[in-house]
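Trainee: give me the fold of what follows.
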Amino acid sequence: MARWDPGAEQRLKRAALELYSEHGYDNVTVTDIAERAGLTRRSYFRYFPDKREVLFDGSELLPPAVAQAVLAADPDAAPLTAVLDAMSQVGAQLVAQVEGAAQRRAVIDASPELQERERTKSAAISRAVQDALVRRQVDADTAELVAQLATVAFGSAFRRWIDAEGHADFGSCLDTVTDRLRAVLTGS
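Mentor: Sure thing, here's the model as predicted:
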């Protein structure tokens, strides 16, 4: 077997998602994933540190991307508007690259361990947004609140996008969620 196998990472991701869907996350081992992908267990660990991270590969890129978009937003925009515009932009780029989102969501929803990992990812996004807002001269309390609200809206919009099965773009999903959020906050 070649030391470097083109396409191995994608095969591992596909194999993991298939196996997790078929047998449940807790019932699948790294060896199972590697074998399904036609690789060795050792090869698996060249790409992913554990069996969770195969589902979250690339998620470390999301917080800095959102922060950068917040910093690049219209300087005169209100904090929540700036963040939602940034999240709409990043979300549109994200969904263009996502494969198997519904299947991945089902696997995560069925595992408390994966749900915890998903919450960790969301917290990193919220922290990045908060830090970007502070850099935009937003006071810390407001930055924290806006970051948390926007991160919840982002997650809800992503779920709505998955449920739409390609019949809605991410921006319209985020608009729907933020309209509801505004209605709840204003009592209308």
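Trainee: so what pLDDT did the spatially most central residue of the chain get?
Mentor: The centre of the chain sits closest to Ser59, judged by Cα atoms, centre = their mean, with a distance of 5.9 Å. At Ser59, the model reports a pLDDT of 90.
Trainee: can you pull the phi and psi angles for it?
Mentor: Listed backbone geometry of Ser59 is phi -70, psi -20, with angles given as degrees, to the nearest 10.
Trainee: how about it: what's its closest non-neighbour residue?
Mentor: Nearest residue to Ser59, sequence neighbours excluded (Cβ to Cβ, 6 or more residues apart in numbering): Lys121, at 5.0 Å. (C-beta placed from N, C-alpha, C; glycine too.)
Trainee: helix or strand right after the helix or strand that the one you found is a member of?
Mentor: Under DSSP states H and E, the secondary-structure element containing Lys121 is helix 112-135. Taking DSSP H and E as the definition, the helix or strand that follows helix 112-135 towards the C-terminus is helix 140-164.
Trainee: hmm, who's touching that next one?
Mentor: Contacting residues not belonging to helix 140-164 are listed as 79-80, 83-84, 87, 91, 94-95, 101-102, 105, 122, 125-127, 129-131, 133-134, 138, 168-170, 173-174, 176-178, 181 [Cβ atoms under 8 Å, 6 or more residues apart in numbering].
Trainee: about what we covered before: isn't the residue nearest to the centre of the chain right next to Ala123, touching?
Mentor: No: here Ser59 lies out of contact with Ala123, judged by Cβ atoms under 8 Å, at a distance of 11.7 Å.
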